[in-house]
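Asker: Sequence and computational prediction follow.
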Amino acid sequence: RLTRKTFPVTGMTCAGCVVSVESMLKTAPGVKDAGVNLANQSAWVEYDEEQNTPAGLQKVVQSIGYDLIVDA
Ligand code: 9UX
C-alpha cells in the first residue's frame, strides 16, 4: 500500500545536496516518488509500506552522509 510521509532531513546546505538526497530516495526500494525542500530541511517520500520503512529510508540517506529523522 502506498503511503506518503514527510521527514526532517539534516545536513543539506545547498541545492546539490537536495539533488543528491532526492536522487538517493528515488532509487530506494519501494519508493514511487520523492521530493526534498532545502528551506524546510525536509523530504516527502511516497513509498510502498510493504517494500520499505522509515528506518530503511533513513539508512539510504545516511549512506550518502545526510540524515533523515525518524520519530522514535
Ligand atoms: Mo553543495 Mo552539498 O556544493 O554536499 S552539494 S554543499
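Answerer: Alright, I've got the coordinates. From a predicted model like this one, the values you see are computed outputs, not experimental measurements.
Asker: okay, CA-based contacts and neighbour counts for the rest of this
Answerer: Will do.
Asker: what's the neighbour count on the closest residue to Val61 other than its chain neighbours?
Answerer: Computed as Cα to Cα, 6 or more residues apart in numbering, the closest residue to Val61 that is not its neighbour in sequence is Asp67, at 5.7 Å. Burial of Asp67 is recorded as 20 neighbouring residues (other Cα atoms under 10 Å).
Asker: what does this structure have sitting close to the ligand?
Answerer: Those residues of the chain that sit near the ligand, judged by Cα under 6 Å from any ligand atom, are Met12, Thr13, Cys14, Gly16, Cys17.
Asker: Which ones among the residues you listed lie within helices?
Answerer: Cross-referencing the residues of the chain next to the ligand with the helices (criterion: DSSP state H) gives Gly16, Cys17 as the overlap.
Asker: Who wins on neighbours among the residues of the chain next to the ligand?
Answerer: For these, the largest neighbour count, defined by other Cα under 10 Å, is 21 neighbours, found at Met12.
Asker: isn't it right up against Leu68?
Answerer: No: distance between Met12 and Leu68: 10.6 Å, which falls outside the contact criterion (Cα atoms under 8 Å).
Asker: In contact with the residue most central in space within the chain, which residues?
Answerer: Averaging the C-alpha coordinates of the chain gives a centre point, and the residue nearest to it by Cα atoms, centre = their mean is Leu25 (4.9 Å). Contacts here follow Cα atoms under 8 Å, 6 or more residues apart in numbering; on that basis Leu25 touches Val31, Ala34, Val45, Leu57, Val60, Val61.
Asker: pLDDT score for it?
Answerer: The predicted local confidence for Leu25 comes out at a pLDDT of 98.
Asker: next helix or strand past the host helix or strand of it?
Answerer: Using DSSP states H and E, Leu25 sits in helix 15-27. Per DSSP H and E, helix 15-27 leads on to strand 31-37 as the next helix or strand towards the C-terminus.
Asker: Appreciated, that's everything.
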